[in-house]
Structures are given as C-alpha cells and as structure tokens.
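Visitor: Predicted model, plus sequence, below.
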Amino acid sequence: MDGESKAAMLEEPVVRTGAVLTPNKNIGYRFVKRTFDVITSAVGLIICIPIFLIVGFAIKIEDPKGKIFYHQPRIGLNGTTFYCHKLRSMCSEADEIKASLMGQNEMDGPVFKIRDDPRVTRVGRVIRRLSIDELPQLWNVFVGDMSLVGPRPLPVAEELACTRYQRQRELVKPGITCYWQVSGRNNVFFDEWIALDFKYIREQSAWIDIKLLLSTVPAVLKAKGAS
C-alpha cells in the first residue's frame, strides 16, 4: 500500500476519547456476509484437507512431542472468548518460553511479536510466510466465531490490555483478513492497526469485504510484514 493511501486511511485521530463506532447492522448485509462465510469456509476446509495432512506430517517429523494444531484463547465479538485454531508453527514449549522473550518484543502497544522468533520451527517459518498456518481458522468462520473479513482477534491478555476505546474493535466479528492484513501486518504500528480496524467498522459493506478478500491474495504472496 502506498504512502498516500495509508495516510488517507489514518486521517481520523487514533486517540479520541468518547468516540463511538457504529457497525453496519443492515440485516441484508449481515445475512449475505454470514451465508458467504459458511459456504466459502466449508469449501475451503475441504480443499485444505491435503494441505493439513502434508503440513501436519511435516510438523510431527520436526517436533514429534507437540500437536499438529494449536488452539489459543482469543477475544471475539462483544468480548466473548473463543479458541482460535492454527497449524502449529512453534516448538512445543513455546508458551513456557514466551516470558523469557518479553524483553525482545518488537511491537508497540500490548501486542507481542519478534521478527526472528526463536520459538518458530523450520516448518513454521514456511507456513507463516505463506499464511498457511492460518487456514484452520476457516473452521472458526464455519462455526461462527469469526468471519472471513474482520479485525484480527488478539490473544486474551493482549486484548484486555487495550484501552476501552481500542476495544471497540470487538463490535464486529474478528476475521481472517482485514485492512491490517493487506497493509504490511507486522510493519504496522499498533495505533495504525487500531485505526485500520476502525476504518473497516465505519465502512463495513459487501463491496469492502470483497475488495479486502481480493487484496489478501497478492499480500500473502508477497509476504509483506509476515514473520
């Protein structure tokens, strides 16, 4: 995304006490969005079965002690907690090691990310770069915890560390992709991330959802901001 486009997205002040967002409550839009989510995620899960088998085998070969899938509690719509599913990209002791790495955090705000995280396995680096590790979230979409398009859900501790203003992102279902996903991901500062989520909530429509889904493909292939 070029500088002018990014600047236009961020023209609203990030810190604006008392600002209240209103998501799109149109019944027709919500019905179409949910129907599209269910059909697309169901088809996607079927197509992904061979990928899950191949990647799952590679994960177990590299680290036999750990599970193939990783299930992490995250905050979703209206502050509800759900388990976000991913293909495991880290060593089996990743959660225990995290505390010792907090001083190396490269993200601002409450988010924890390290570009060259030592917990990530060799298989993990490949599937993260191509966002293959995120594919099990199609199940989250199918059952209704998430949508294909919406703000990325944060782990419980990180979401609870956000301000009340920032937590307005919980007004809509979290998604697999959104503006943050196509704007550089880990290269985006947290305040910018929040501003992009709020932009989506303000503009939410079927056309915006389609545009973001189409923009996600080249963003994933370029792996911009992926780590």
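Guide: Thanks, I have the structure now.

Visitor: Test my guess that Ile68 contacts Leu87.
Guide: Yes. The pair Ile68 and Leu87 passes the contact test of Cβ atoms under 8 Å, sitting 6.8 Å apart. Where you see a C-beta, it was placed from the backbone N, CA and C, and this is true even at glycine.

Visitor: list residues touching both of those two?
Guide: Jointly contacting Ile68 and Leu87 under the rule Cβ atoms under 8 Å, 6 or more residues apart in numbering are 52, 55-56, 59.

Visitor: among the residues you listed, which are in helices?
Guide: Among the shared contacts of Ile68 and Leu87, the members found in helices (DSSP state H) are 52, 55-56, 59.

Visitor: quick one, strands of this protein?
Guide: All strands of the chain, identified by DSSP state E, fall at 69-75, 81-87, 147-149, 175-177.

Visitor: quick check, distance from the last one to the centre of its chain.
Guide: Strand 175-177 has its average C-alpha position 5 Å from the chain's average C-alpha position, going by Cα atoms, centre = their mean, to the nearest Å.

Visitor: Sheet-wise, list the partners of it with their directions.
Guide: strand 147-149 (parallel) (DSSP bridges).

Visitor: pLDDT (mean, whole number) over the strand it pairs with?
Guide: Averaging pLDDT along strand 147-149 yields 97.

Visitor: before we move on, what about stretch 54-61?
Guide: Averaging pLDDT along stretch 54-61 yields 96.

Visitor: Contacts made by that stretch with the rest, please.
Guide: Outside stretch 54-61, the residues touching it (Cβ under 8 Å, 6+ apart) are 66, 68, 87-88, 121, 123, 127, 132.

Visitor: Now with 7 Å, please.
Guide: For stretch 54-61, contacts defined as Cβ atoms under 7 Å, 6 or more residues apart in numbering pick out 68, 87-88, 123, 127, 132.

Visitor: what do you get for stretch 205-224?
Guide: Applying Cβ under 7 Å, 6+ apart, the external contacts of stretch 205-224 come out as 24, 29, 32-33, 129-131, 148-149, 177-179, 181-182, 184, 200.

Visitor: Show the buried residues in the residues you listed.
Guide: Neighbour-count burial (16 or more other Cβ atoms under 10 Å) is assigned, among those, to 33, 131, 148-149, 177-179, 181-182, 184, 200.

Visitor: And the residues you listed, which is closest to Ile114?
Guide: For the buried ones among the contacts of stretch 205-224, the residue nearest Ile114 by Cβ to Cβ is Gly184; the value is 16.7 Å.

Visitor: How many neighbouring residues does the nearest residue to Asp108 once chain neighbours are set aside have?
Guide: Ranked by Cβ to Cβ, 6 or more residues apart in numbering and with sequence neighbours excluded, the top spatial neighbour of Asp108 is Phe190, at 5.0 Å. Phe190 has 17 neighbours, counted by other Cβ atoms under 10 Å.

Visitor: In this structure Phe190 contacts Val111, no?
Guide: Yes. Using Cβ atoms under 7 Å, Phe190 is in contact with Val111, at 5.8 Å.

Visitor: ok, back up a step: got the shared contacts of Ile68 and Leu87 as a markdown table, with distance to Val220 and neighbour count columns?
Guide: Output for the shared contacts of Ile68 and Leu87, formatted as a markdown table (distance: Cβ to Cβ, whole Å; neighbours: other Cβ atoms under 10 Å):
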| residue | distance to Val220 | neighbour count |
| --- | --- | --- |
| Phe52 | 18 | 16 |
| Val55 | 16 | 22 |
| Gly56 | 20 | 16 |
| Ile59 | 20 | 23 |
